[in-house]
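> Here is a sequence with its predicted model. Questions after.
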2 protein chains.
Amino acid sequence: MAVTTRRADAQRNIAAILTAAAECLGRDPAVSTSEIAKAAGVGRVTLYGHFPSRAELVDAVFVQAIATGEETLGQVDLTGDPRDALTRLIESSWHLVDQYRALLLAAQDALPPGRVRELHADPMARVERLLERGRTENVFRTDLPTSWLVSVMHNVMHGAASEIQAGRITSEQAAPYITATLLAAFTPPKPE
Amino acid sequence: MAVTTRRADAQRNIAAILTAAAECLGRDPAVSTSEIAKAAGVGRVTLYGHFPSRAELVDAVFVQAIATGEETLGQVDLTGDPRDALTRLIESSWHLVDQYRALLLAAQDALPPGRVRELHADPMARVERLLERGRTENVFRTDLPTSWLVSVMHNVMHGAASEIQAGRITSEQAAPYITATLLAAFTPPKPE
DNA sequence: GGTAACTCGTACACTGGTGTTCGACAAGAG
DNA sequence: CTCTTGTCGAACACCAGTGTACGAGTTACC
């Protein structure tokens, strides 16, 4: 991308479109390009001048969201007791999930299948590493595949987001609920 | 509804449309009325003669699905050790969730908000009753609201359905995975 | 201050769905 | 056997979105 040869106002517009799109898609996963353009203070034609299609715009927004999310998650201390590390990771991840919930929906039906997962590779690998470590230290269960545990974590967090949206729990309750649930779910079953 | 005065072939067509719709919506939540009509071996106009709109058709299909599901779940023995009862309930519920997964998606964006939950009231109440009993018997945890536990169960099951659809686990693995996960998640935390 | 890059609004073509209307025709009920 | 009820296909109006074309105007860059 020879962005260097882009004129200053063009770059400003691209940025404005990107942030407006993030905001709009966060409200309604099905917003039209017209509304995004309007929110960005830009003509619809200009939008299409920078992004060849709605899908590519959504993709760009999603890539950006993942990148900033990764930046946050990269700062979480994952050393020490895996249970404590998981608690910290949940705390951070949770805010991101809650924030980008609608955007994810938008991506899921605007992007080709598999693309969403592809872009999630990095954050997923981070969770997997932590779980693997906990498993070798006999703190997390090993009778279920790691990938399943990751999926459980993912679904519980998104479920919490739904509960919030429906007004059945508050934003503050979510993190402790999720943590309590997942720590229990990941604990090795009693040999009994 | 004076269905009594309906002609025999009309009743046949209604049934055909309903089953065809269930089948089509199970494949693709966004099927058009044309395709449903075609699958039912019926003209599109005939379909609209019986169901005033796509939404009402989806609603009818969903109501039917819930009803047959309830019939199955009603036969599950929920007495005895709550953990065993939950295992049995999961086994039955799981098949239903897996089967009606796509239909649920269709309902969620064709029906007014809240309608889906409204129709889920009965199955949800059944789960709640069992969980409540397990709580009074100190077999299930009481440090989280019952509604949250129900939501976790719901989300883990739907997550398993996604995993299957993505080919990451098989249909046979699902039930044991779900059971192992939820029993652990619902276990009271050690006082420690 | 000239030039290339960029933007704007309007208008258009296209797509793919929903719901309705029409008139001819078939099939069940009594 | 008749009459009501239901069915059919084709056509239509409508809507909302996507992506493109055009030509005039504006803005950054050197």
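Received it, and whenever you're ready, just let me know what you need.
> Show me the shaky parts of chain A.
A:1-4, A:191-192 (pLDDT under 70).
> Please list the residues of it that sit near chain B.
When proximity is defined as CB under 8 Å from any CB of the partner chain, chain A approaches chain B at A:117, A:141, A:143-145, A:147-148, A:151-152, A:154-156, A:158-160, A:162-163, A:166, A:168-169, A:177, A:180-187, A:189. For glycine as for every other residue, the C-beta is placed from the backbone atoms N, C-alpha and C.
> again, 6 Å this time
A:144, A:148, A:151-152, A:155-156, A:159, A:163, A:177, A:181, A:184-185, A:187 (CB under 6 Å from any CB of the partner chain).
> Filter the residues you listed down to the buried ones, PyMOL style.
Per 16 or more other CB atoms under 10 Å in any protein chain shown, the buried members of the residues of chain A next to chain B correspond to this PyMOL selection:
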select buried, chain A and resi 144+148+151+152+155+156+159+163+177+181+184+185+187
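> In helices only, show me the residues of chain A next to chain B.
A:148, A:151, A:152, A:155, A:156, A:159, A:163, A:177, A:181, A:184, A:185 (DSSP state H).
> In those, find the pair that's most separated.
A:148 and A:163 (22.2 Å; CB to CB).
> Look at residue A:113 and say how many residues are nearby.
9 (other CB atoms under 10 Å in any protein chain shown).
> Give the helix, strand or coil label for it.
Three-state call for residue A:113 (DSSP: H, G, I helix; E, B strand; the rest coil): coil.
> Backbone dihedrals for it, please?
Backbone torsions for residue A:113, taken as degrees, to the nearest 10, come to phi -60, psi 140.
> separation between it and residue A:105?
14 Å (CB to CB, to the nearest Å).
> Next, name the residue at the spatial heart of chain A.
residue A:97 (4.9 Å; CA atoms, centre = their mean).
> If we ignore the residues flanking it in sequence, what's nearest that residue?
Once flanking residues are discounted, residue A:97 sits nearest to residue A:157: 4.6 Å by CB to CB, 6 or more residues apart in numbering or on different chains.
> contacting residues around the one you found?
Contact analysis of residue A:157 by CB atoms under 6 Å, 6 or more residues apart in numbering or on different chains lists A:94, A:97, A:178.
> For the first one, what are phi and psi?
Put plainly, it is residue A:94. Per degrees, to the nearest 10, the backbone of residue A:94 is at phi -60, psi -50.
> Tally up the residues packed near it, please.
Neighbours around residue A:94, by other CB under 10 Å: 20.
> For it, list the residues it contacts.
With CB under 6 Å, 6+ apart, residue A:94 has these contacts: A:157, A:175.
> Tell me how far it lies from chain B.
Distance of residue A:94 to chain B, given as CB to the nearest CB, to the nearest Å: 14 Å.
> got it, and residue A:26?
18 Å.
> in what helix or strand does that residue lie?
Assignment of secondary structure by DSSP states H and E places residue A:26 within helix A:8-27.
> List the buried residues for that helix?
A:13, A:14, A:16, A:17, A:18, A:20, A:21, A:22, A:24, A:25, A:26.
> In three-state terms, how would residue A:29 be classified?
Per three-state DSSP, residue A:29 ends up coil.
> Please tell me I have it right and it contacts residue A:100.
No: using CB atoms under 6 Å, residue A:29 makes no contact with residue A:100, being 11.0 Å away.
> Return the helix holding residue A:26 as CSV; C-alpha atoms alone will do.
What follows is helix A:8-27, C-alpha atoms only, in CSV (Å, rounded to 0.1, in the frame of the first residue of the first chain):
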residue,chain,number,x,y,z
ALA,A,8,-3.6,14.5,3.5
ASP,A,9,-7.4,15.1,3.3
ALA,A,10,-7.8,11.7,1.8
GLN,A,11,-6.0,10.1,4.7
ARG,A,12,-8.2,12.1,7.1
ASN,A,13,-11.3,10.9,5.3
ILE,A,14,-10.2,7.3,5.4
ALA,A,15,-9.6,7.6,9.1
ALA,A,16,-13.0,9.3,9.6
ILE,A,17,-14.8,6.6,7.7
LEU,A,18,-13.0,3.9,9.7
THR,A,19,-14.0,5.3,13.0
ALA,A,20,-17.5,6.2,11.9
ALA,A,21,-17.9,2.7,10.6
ALA,A,22,-16.7,1.2,13.8
GLU,A,23,-19.2,3.3,15.7
CYS,A,24,-22.1,2.6,13.4
LEU,A,25,-21.5,-1.1,13.1
GLY,A,26,-21.2,-1.2,16.9
ARG,A,27,-24.7,0.0,17.1
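> That one - contacts with which helices or strands?
helix A:33-39, helix A:54-74, helix A:82-110 (3 or more CB pairs under 6 Å, 6 or more residues apart in numbering or on different chains; DSSP states H and E).
> related to what we said a few turns ago, residue A:29 and residue A:100 - which one has more neighbours?
The neighbour comparison of residue A:29 against residue A:100 (other CB under 10 Å) goes to residue A:100, with 22 against 18.
> and the more buried one, what is it in contact with?
residue A:65.
> picking up where we left off before, now the helices and strands packed on helix A:8-27 as TSV including distance to residue B:45?
TSV is the format used below for those (distance: least, CB to CB, whole Å):
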stretch	distance to residue B:45
helix A:33-39	34
helix A:54-74	34
helix A:82-110	30
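> right, so of the ones you listed, which gets closest to residue B:9?
That would be helix A:82-110 among the helices and strands packed on helix A:8-27, by CB to CB, at 38.5 Å.
> Run the angle between the closest one and helix A:54-74 for me.
170 degrees (axes from the mean of the first three to the mean of the last three CA atoms, to 10 degrees).
> Next, the buried residues of the next helix or strand after helix A:82-110.
Tracing the chain C-terminally past helix A:82-110 and defining elements by DSSP H and E, one meets helix A:115-119 next. The neighbour-count check on helix A:115-119 (16+ other CB under 10 Å) flags A:115, A:116, A:119 as buried.
> give me the element residue A:128 is part of.
Residue A:128 belongs to helix A:121-136, assigned by DSSP H and E.
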